[in-house]
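**Student:** got a predicted structure here, sequence first:
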Amino acid sequence: MSGTFTLPLESEQLMLRIQDFKIINSDQIHSNHEPVLILIAGDASDRKFFRLLGKEISAICMQFPKWEGGYGGDPISWIGMHNALSKMGLPVPKVIEIDETNSCIWTEDLGDIFLTSILSEEKLDIDNPNCNEPINYYKKALDLLIKAQYPDIKIDHPAINRFFDFEKLYYELNFFITHFLNGFLNLNISEDNPDYNNFYQDLKLLCKKLDSCERVLCHRDYHVRNIMLKDNELFWIDFQDARMGPHSYDVVSLVRDSYVKITWKTRQYFYDYYIENLNKVREKNNLNHISALSFNLELLLMGLQRNIKAIGSFGYLATKKNKPNYLKYIHQTLSILCSKEAQIHEETDIKAMLPNLFKLLYDLHEGSLKEKLNDKIINFK
């Protein structure tokens, strides 16, 4: 294996090789079969995932497009972050075997239950007793973030030199312009066009404010489809893009997730829970408390950036990856962005701070661009 980070395997190597098994779809499973690999639904990346059936172990094969490292979404980064998170005591799947030749990492099979799987109600609501179980799991997920942000032991890991700084945050907002506003809606917005000077100034102001935040380790894609449940315990997956960023980055990724409807009262409950427990850990580490007032402002700004980036990803997946299923989450994400709770802080009016950005969001949600957006979603091919 190349790279700086080595990974001790949790079990004896079994010489699992993808070419040694027949690959079938789930509808081809029959009772008396030889060991096979079942192609299973993956994430939004270019990786392929297979489930091993009919052998003495149950395993998942994660196949990368190629064996390389250095940019984040690659096998070397996955291994490095797995190594670090394991040493920190974070729950990640056990590694069974690493096969560089076929660009495969074989891990234990965590099953099919994601955090989203236990959300039986239309909305996650702190006032609904039927939501008690998922709410408790969300709290555990927030506890795990604090554990990663303030580990008991210092660990070197690939994320230590990757940052959500101004350049990265601004790149993500431009990703929204490139792949959603221009690529999906064909609006032809450009920083060279003087008509959009004020709009781009708003984007830069948002990134400058977030760039000034204290940085901790971030999972980078912390939503309900990257948190799995096995034996009533949570597990992290898809952590290879981890980097250093604001405390709020993963918090809003989870609590302002595009895939789940959550009441704002419930969101605030989670925010209060997180900051209370965060400050307990900071106190143990002889660090000053973070005030709820300042953190609530960071949450609003970070949530704005994350939700905008998510819409950009939905446009990218549709136009570049031919995965239009994510388009159905655009309106839900816009409703979060345009709700009054996403704009008003105790001391700061976010909408007044970034008027040109919010004008565009309102135009998409309920204004001049709504009809065009609806038409594009309905008729996308």
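**Tutor:** Ah, there it is. Residues are numbered from 1 along each chain as shown.
**Student:** what's the nearest residue to the residue nearest the centre of the chain if we skip its chain neighbours?
**Tutor:** Compute the mean C-alpha point of the chain, and by C-alpha atoms, centre = their mean the closest residue is D221, 1.7 Å away. Taking C-beta to C-beta, 6 or more residues apart in numbering as the measure, D221 lies nearest to D238, with 5.6 Å between them; neighbours along the chain are not counted. Using the backbone N, CA and C atoms, a C-beta is placed for each residue, glycine as well.
**Student:** where's that neighbour, which helix or strand?
**Tutor:** With elements taken from DSSP states H and E, nothing contains D238; it lies in neither a helix nor a strand.
**Student:** what is the burial count for it?
**Tutor:** The tally of other residues near D238 (other C-beta atoms under 10 Å) stands at 23.
**Student:** the helices in the stretch 51-200 of the chain, which residues?
**Tutor:** For the stretch 51-200 of the chain, the helices identified by DSSP state H, counting those that start in this stretch occupy 75-88, 132-149, 166-176, 197-211, in order along the chain.
**Student:** pick the most buried one from the ones you listed.
**Tutor:** Looking across these with neighbours counted as mean count of other C-beta atoms under 10 Å, the highest average goes to helix 75-88: a mean of 22.
**Student:** so that one versus helix 132-149, what angle?
**Tutor:** For helix 75-88 against helix 132-149, the angle between stretch directions is 100 degrees (axes from the mean of the first three to the mean of the last three C-alpha atoms, to 10 degrees).
**Student:** can you name every helix or strand that helix 75-88 contacts?
**Tutor:** Contacts of helix 75-88 with other secondary structure elements, assessed using 3 or more C-beta pairs under 8 Å, 6 or more residues apart in numbering; DSSP states H and E, are made with strand 95-99, strand 104-108, helix 132-149.
**Student:** and C213, which of those is closest to it?
**Tutor:** If you check each of the helices and strands packed on helix 75-88 against C213 by C-beta to C-beta, helix 132-149 wins as the nearest, at 12.6 Å.
**Student:** the closest one packs against which elements?
**Tutor:** Checked by 3+ C-beta pairs under 8 Å, 6+ apart, helix 132-149 has helix 75-88, strand 215-218, strand 233-236, helix 248-255, helix 264-284 packed alongside it.
**Student:** about what we covered before: can you tell me the element the residue nearest to the centre of the chain falls in?
**Tutor:** Per DSSP H and E: nothing holds D221, as it lies in no helix or strand.
**Student:** give me every residue that touches it.
**Tutor:** For D221, the contact set (C-beta atoms under 8 Å, 6 or more residues apart in numbering) comprises D238, F239, D241, S253.
**Student:** got it, and A59?
**Tutor:** The contact partners of A59, by C-beta under 8 Å, 6+ apart, come to L16, R51, L52, I96, W106, T107, E108, D109.
**Student:** could you look up the SS state of the first one?
**Tutor:** Secondary structure for L16, judged by DSSP: H, G, I helix; E, B strand; the rest coil, is coil.
**Student:** surely it is in contact with D99?
**Tutor:** Yes: at 7.0 Å, L16 and D99 qualify as touching, with contact defined as C-beta atoms under 8 Å.
**Student:** what about the residue nearest to F175 when sequence neighbours are not counted, how many neighbours?
**Tutor:** For F175, the nearest residue in space outside its immediate sequence neighbours is G312; the separation is 4.4 Å by C-beta to C-beta, 6+ apart. Other residues within reach of G312, judged by other C-beta under 10 Å, total 22.
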